[in-house]
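J.: Provide a 3D model corresponding to the input given below.
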Amino acid sequence: MRDSEMGTSDRQGPAMDDGADTPAAAPAGTGGTSGDAGAFGARPGEIAVDLPAAPDAGLYFIGRIRTPWTHRADCPKNAGQSDAPCTVEIDPAFRPALRGLAGTSHVWLLYFMDRSPRNLVVQVPRYYGEPRGTFALRSPARPNPIAISAARLLEIHDDRLVVAGLDCLDGTPLLDVKPYFASTDCHPDAVVGWHRDRAEGRGSPE
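T.: As a prediction, this is how the structure comes out:
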């Protein structure tokens with residue numbers, strides 16, 4: 001569901017061995033943080049910019065996502081490639097918000113890729129090798145590294161959900177949970193021009 005053009009294993013920043021919490025990535029230029037593309041090396045053809053000195057809004061992390069993957073190389077290329085059960089832990093203050101999910105088959109999960117660089121505006125996906133604008137990709141490397149996956153809901157508990165269909169590192173901060181409505185969320189006729197052209201063997205215009 002996410003990152004079909006550039007997977008988590010490619011751009012989520014330094015992996016964690018123990019799943020411990022880490023602070024959100026800092027803006028570029030703060031000296032070796034995962035917010036700066038230079039922390040792991042930008043590829044030829046990529047463009048990085050200086051981010052604003054201060055954010056415009058704040059977010060609350062409402063929990064953490066527990067997955068089997070603690071190294072970038074182990075993560076699926078995209079969420080659709082994994083059926084591994086993952087646990088979505090909800091912080092105590094937000095657990096009442098789970099009421100009403102019974103009988104739901106799929107949920108949207110929004111999460112913060114806190115180990116991704118945030119200053120790349122043009123990227124070169126390793127699977128495709130051509131420079132493309134960040135907003136034309138599903139890469140987790142973006143000014144606001146918010147990922148979204150439509151996950152299959154396997155279990156509902158008072159303090160957690162068990163889902164399948166994720167691709168993020170263990171310990172990834174959770175931003176939101178929303179029910180998936182097939183009537184409004186499914187668009188089978190959707191097209192991404194450059195991806196269609198590539199599949200058809202045609203070059204895509206920049």
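J.: Checking Val88 next. Helix, strand or coil?
T.: Applying DSSP: H, G, I helix; E, B strand; the rest coil to Val88 yields a three-state assignment of strand.
J.: Can you tell me the closest non-neighbouring residue to it?
T.: Taking Cβ to Cβ, 6 or more residues apart in numbering, and ignoring the residues beside it in sequence, Val88 has Leu161 as its nearest neighbour in space, at 4.2 Å. C-beta: built from backbone N, CA, C; applies to glycine.
J.: Strands of the chain, residue ranges please.
T.: Counting by DSSP state E, the chain has these strands, from start to end: 47-48, 63-66, 85-90, 106-112, 120-123, 132-133, 146-156, 160-164, 172-179.
J.: Just want the most central residue of this protein.
T.: By Cα atoms, centre = their mean, the mean C-alpha position of the chain lies nearest to Ala147, the distance being 3.1 Å.
J.: Distance-wise, check that one relative to Asp159.
T.: According to Cβ to Cβ, to the nearest Å, Ala147 and Asp159 sit 22 Å apart.
J.: residues of the lengthiest helix in the chain that come out buried?
T.: Taking DSSP state H as the criterion, the chain has its longest helix at helix 193-199. Neighbour-count burial for helix 193-199, with 16 or more other Cβ atoms under 10 Å as criterion, is recorded at Trp194, His195.
J.: where does the chain have its least confident helix or strand?
T.: For the chain, using mean pLDDT, DSSP states H and E, the weakest element among its helices and strands is helix 8-11, scoring a mean of 48.
J.: and of the strands of the chain, who's closest to His195?
T.: For the strands of the chain, the distance to His195 is smallest for strand 132-133, at 10.0 Å, taking Cβ to Cβ.
J.: Please state the offset of the closest one from the chain centre?
T.: 17 Å (Cα atoms, centre = their mean, to the nearest Å).
J.: quick one: strands adjacent to it?
T.: Its sheet considered, strand 132-133 pairs with strand 120-123 (antiparallel) by DSSP bridges.
J.: residues in contact with the partner strand?
T.: Judged by Cβ atoms under 8 Å, 6 or more residues apart in numbering, the contacts made with strand 120-123 from elsewhere in the structure are 6, 11, 37, 42-43, 45-49, 131-134, 137, 139, 141-142.
J.: Check Ala97 and give its pLDDT.
T.: Predicted confidence (pLDDT) for Ala97: 98.
J.: scratch that, Ala42
T.: Confidence at Ala42, expressed as pLDDT, is 78.
J.: Kindly report the same for Ser82.
T.: We note a pLDDT of 87 for Ser82 in this prediction.
J.: Backbone dihedrals for the closest residue to it other than its chain neighbours, please?
T.: The shortest distance from Ser82 to any residue other than its chain neighbours is 4.1 Å, reached at Pro76 (Cβ to Cβ, 6+ apart). Torsion angles at Pro76 (phi, psi; degrees, to the nearest 10) stand at phi -60, psi 150.
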